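Trainee: quick one, fold the following:
(chains A, B, C and D)
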Number of protein chains: 2
Amino acid sequence: MSRPGACRLFLSATFGIPSGAELSRQLSELATPVTVMRGETVETDPAAASLAFLTGGATKLSALAARGRHQIVAFHFGGDIFSIPAEGLHRHVITGLRDSALFLFPARAFYDRAAASPRIMRTLLERSQTALFRCRDKAVNLGRKTARERVAGFLLGMAERLDCPDDEPGCIKLPMSRRDVGESLGLTIETVSRQITELKEAGIIDTRGRSCIVLHNLDQLAAQAGNVEPRDAMSGLAPAAQRVVMVH
Amino acid sequence: MSRPGACRLFLSATFGIPSGAELSRQLSELATPVTVMRGETVETDPAAASLAFLTGGATKLSALAARGRHQIVAFHFGGDIFSIPAEGLHRHVITGLRDSALFLFPARAFYDRAAASPRIMRTLLERSQTALFRCRDKAVNLGRKTARERVAGFLLGMAERLDCPDDEPGCIKLPMSRRDVGESLGLTIETVSRQITELKEAGIIDTRGRSCIVLHNLDQLAAQAGNVEPRDAMSGLAPAAQRVVMVH
DNA sequence: CGCTTACATTGATCTTTATCAAGGCAGGCC
DNA sequence: GGCCTGCCTTGATAAAGATCAATGTAAGCG
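Mentor: Numbers count the residues shown, from 1 in each chain, chains lettered A, B, ... in the order given. A predicted model of the protein is given here:
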């Protein structure tokens, strides 16, 4: 199939617009198809935000700070739509965890044309909000959690997004290296490794080879993640909300 | 002026829809007006995401983790639109830094009705992206920056969003306490205080009373913030992008 | 105007995680 | 199948920031 054809198919599957529609043609005109091989890094136009549609594979989006420091800001898998910030405080680059294929769009132009379709705008808005909520959880993890909590939370999050391929229940195959996990969690590779070892010694997880992790007990793992406790347990605890405003 | 009238005026000013329009009426029907006094905390419906329009004042949005830990996820000032996540991994609450007024909407219903207006959807999408980009910068700060860098970056960011009221150039009046700064930066109040003292001793900033800070030298402050270095300096440095894909 | 109180600063010590340095092991390749 | 390379694990030490404790000070109020 031709590249533009593939793009229109993806647009159709994601937004539900017929791939023969004029809008589909207009949008696919803006697409730059890119393949990113495993380990290969790609940078988009630094002057303007880009929109990326990942059709297949897995990628990481990282931000670069001074002194060569990297912070992975998000992982993406096939079907994901995500935006890449224009040059702000940090440069952002995309790197393939596996061989991946994506379409890149200039965000502004895409929005200009997509504005005609409430359905597309709605989808984009919802995906953007999901990314924002994920990023806020990440901020809590990075700002307030211990190494143990971060690693446990990471494994739980990946278990949700990745499906365990074989018959073994609770087994996930991490597509990223320990280094990537560390760069996502604001930890060093050594600290990640030590935490995994300790979780293994506690019988909560197990490892199969280098990249497979078996989650024996999701409840115990969640208890290690340090997320907020159930509502009623909070009542007398923190100086939380003095008032609950029910919207709707 | 009546409350619904105020809401429609705000909708008009923000989205450019005439305040007499039917859509304006429909949207303002969904609004719950709330005033949050300084220090008062409000929680929205935990079952669904909310949309907040801050008409005046200043608020913080914080996430709660286990063991009473708080992470401030964003500060908001008059005119800001922001969304409050539904119950996910962490509870989110709004607290007034000053006496503040806002309108709360059930996000889903708001989007359903706003979908009719490309202009509103476009604005919402853009604000959401801005929030996301800010949050990503925050993630880099929390995950990869030293205390010094975080504090310097915070002051720069606030200098951009706050206007210095009096004639003194570079003077900003922080509406939040040291505790809030710490909870935003993932640091303790003591560490924040020490960093401010050191920046003061270096002659880069000065303090006027408890809440006013004079930024003498923005360049020096930016140098302390550890953001990404200028493009050309990077060329031989990090294993950054091997390929630059120019979109558009 | 002085008292009061909450907030901010400063100092001493401790904990966590980073850093530095060796090994060990899995998986790819000849 | 054995070698080889790169990734992972483990150990020892160091540094950054947290914690604990005390003092200082700005701003609000009687």
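Trainee: can you give me the helices in chain A?
Mentor: Using DSSP state H, the helices of chain A run over A:3-15, A:22-29, A:107-114, A:118-144, A:147-161, A:178-185, A:189-201, A:218-225, A:231-234.
Trainee: does the fourth one reach chain B?
Mentor: Yes: applying Cβ under 8 Å from any Cβ of the partner chain, one finds that helix A:118-144 is in contact with chain B at A:118-119, A:121-122, A:124-126, A:128-129, A:131-133, A:135-140, A:142-144. (Glycine included, C-beta is placed from N, CA and C.)
Trainee: buried subset of those residues as a PyMOL selection?
Mentor: In PyMOL, this line selects whichever of the residues of helix A:118-144 next to chain B come out buried by 16 or more other Cβ atoms under 10 Å in any protein chain shown:
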select buried, chain A and resi 118+121+122+124+125+128+129+131+132+133+135+136+137+138+139+140+142+143+144
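Trainee: rewinding a little: between the helices of chain A, which one is nearest to B:Thr14?
Mentor: Judged by Cβ to Cβ, the one of those that comes nearest to B:Thr14 is helix A:118-144, at 15.6 Å.
Trainee: where does the prediction get shaky in chain A?
Mentor: Applying pLDDT under 70 to chain A flags residues A:1-4, A:165-167, A:230-241.
Trainee: contact residues of chain A facing DNA strand D?
Mentor: A:177-179, A:189-190, A:192-194, A:196-197, A:207, A:210-211 (Cβ under 7 Å from any atom of the strand).
Trainee: the closest residue to A:Thr44 other than its chain neighbours - how many residues pack around it?
Mentor: Excluding its sequence neighbours, the residue lying closest to A:Thr44 (Cβ to Cβ, 6 or more residues apart in numbering or on different chains) is A:Ser50, at 4.2 Å. Close neighbours of A:Ser50, defined as other Cβ atoms under 10 Å in any protein chain shown, add up to 26.
Trainee: a markdown table for the helices of chain A, including distance to DNA strand C?
Mentor: Putting the helices of chain A into a markdown table (distance: least, Cβ to the nearest atom of the strand, whole Å) gives the following:
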| stretch | distance to DNA strand C |
| --- | --- |
| helix A:3-15 | 28 |
| helix A:22-29 | 36 |
| helix A:107-114 | 33 |
| helix A:118-144 | 10 |
| helix A:147-161 | 4 |
| helix A:178-185 | 7 |
| helix A:189-201 | 3 |
| helix A:218-225 | 12 |
| helix A:231-234 | 22 |
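Trainee: figure out which of those is closest to B:Leu89.
Mentor: Among those, helix A:118-144 sits nearest to B:Leu89 (Cβ to Cβ), with 5.0 Å.
Trainee: could you check the angle helix A:3-15 makes with the closest one?
Mentor: In terms of direction (axes from the mean of the first three to the mean of the last three Cα atoms, to 10 degrees), helix A:118-144 departs from helix A:3-15 by 80 degrees.
Trainee: next, the angle from helix A:118-144 to helix A:218-225.
Mentor: In terms of direction (the same axes, to 10 degrees), helix A:118-144 departs from helix A:218-225 by 60 degrees.
Trainee: just how off-centre is helix A:118-144 within its chain?
Mentor: 10 Å (Cα atoms, centre = their mean, to the nearest Å).
Trainee: helix A:178-185 and that helix, what's the angle between them?
Mentor: 100 degrees.
Trainee: just want the angle from helix A:118-144 to helix A:147-161.
Mentor: Helix A:118-144 runs at 160 degrees relative to helix A:147-161, counting by the same axes, to 10 degrees.
Trainee: tell me the contacts of the residue nearest to A:Thr44?
Mentor: When contacts are counted by Cβ atoms under 8 Å, 6 or more residues apart in numbering or on different chains, A:Ser50 touches A:44, A:83-84, A:104-107, B:247.
Trainee: still on that earlier bit, any chance of the residues of chain A next to DNA strand D in CSV, plus neighbour count?
Mentor: Below are the residues of chain A next to DNA strand D laid out as CSV (neighbours: other Cβ atoms under 10 Å in any protein chain shown):
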residue, neighbour count
A:Ser177, 15
A:Arg178, 18
A:Arg179, 13
A:Ile189, 14
A:Glu190, 10
A:Val192, 23
A:Ser193, 15
A:Arg194, 15
A:Ile196, 17
A:Thr197, 12
A:Thr207, 14
A:Arg210, 8
A:Ser211, 13
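Trainee: can you tell me which of these is nearest chain B?
Mentor: Using Cβ to the nearest Cβ, A:Arg179 is the member of those that lies nearest chain B, at 11.8 Å.
Trainee: what distance do you get for that closest one to B:His216?
Mentor: According to Cβ to Cβ, to the nearest Å, A:Arg179 and B:His216 sit 40 Å apart.
Trainee: please report phi then psi for A:Ile17.
Mentor: Torsion angles at A:Ile17 (phi, psi; degrees, to the nearest 10) stand at phi -100, psi 140.
Trainee: and the residue nearest to it when sequence neighbours are not counted, how many neighbours?
Mentor: Leaving aside its chain neighbours, A:Ile17 sits nearest to A:Ser24 (5.5 Å; criterion: Cβ to Cβ, 6+ apart). Residues near A:Ser24, counting by other Cβ under 10 Å, number 21.
Trainee: ok, A:Ser24 - contacts?
Mentor: A:8, A:11-12, A:17-18.
Trainee: what about 10 Å?
Mentor: Going by Cβ atoms under 10 Å, 6 or more residues apart in numbering or on different chains, A:Ser24 touches A:4, A:7-12, A:15, A:17-18, A:117.
Trainee: then A:Ala139?
Mentor: A:Ala139 neighbours (Cβ under 10 Å, 6+ apart): B:63, B:71-74, B:90, B:135-136, B:138-139, B:141-143, B:184, B:186.
Trainee: nearest to A:Thr55, of those residues?
Mentor: The nearest member of the contacts of A:Ala139 to A:Thr55, counting by Cβ to Cβ, is B:Arg136 at 23.1 Å.
Trainee: is it true that that closest one touches A:Cys135?
Mentor: Yes: if you go by Cβ atoms under 10 Å, B:Arg136 and A:Cys135 touch, sitting 6.0 Å apart.
Trainee: shared neighbours of the two, anything?
Mentor: The contact sets of B:Arg136 and A:Cys135 overlap at A:73-74 (Cβ under 10 Å, 6+ apart).
Trainee: do you know how far the nearest residue to A:Asn141 once chain neighbours are set aside is from B:Val93?
Mentor: Nearest non-adjacent residue to A:Asn141, counting by Cβ to Cβ, 6+ apart: A:Arg150, 5.2 Å away. A:Arg150 sits 23 Å away from B:Val93, going by Cβ to Cβ.
Trainee: understood, closing this out.
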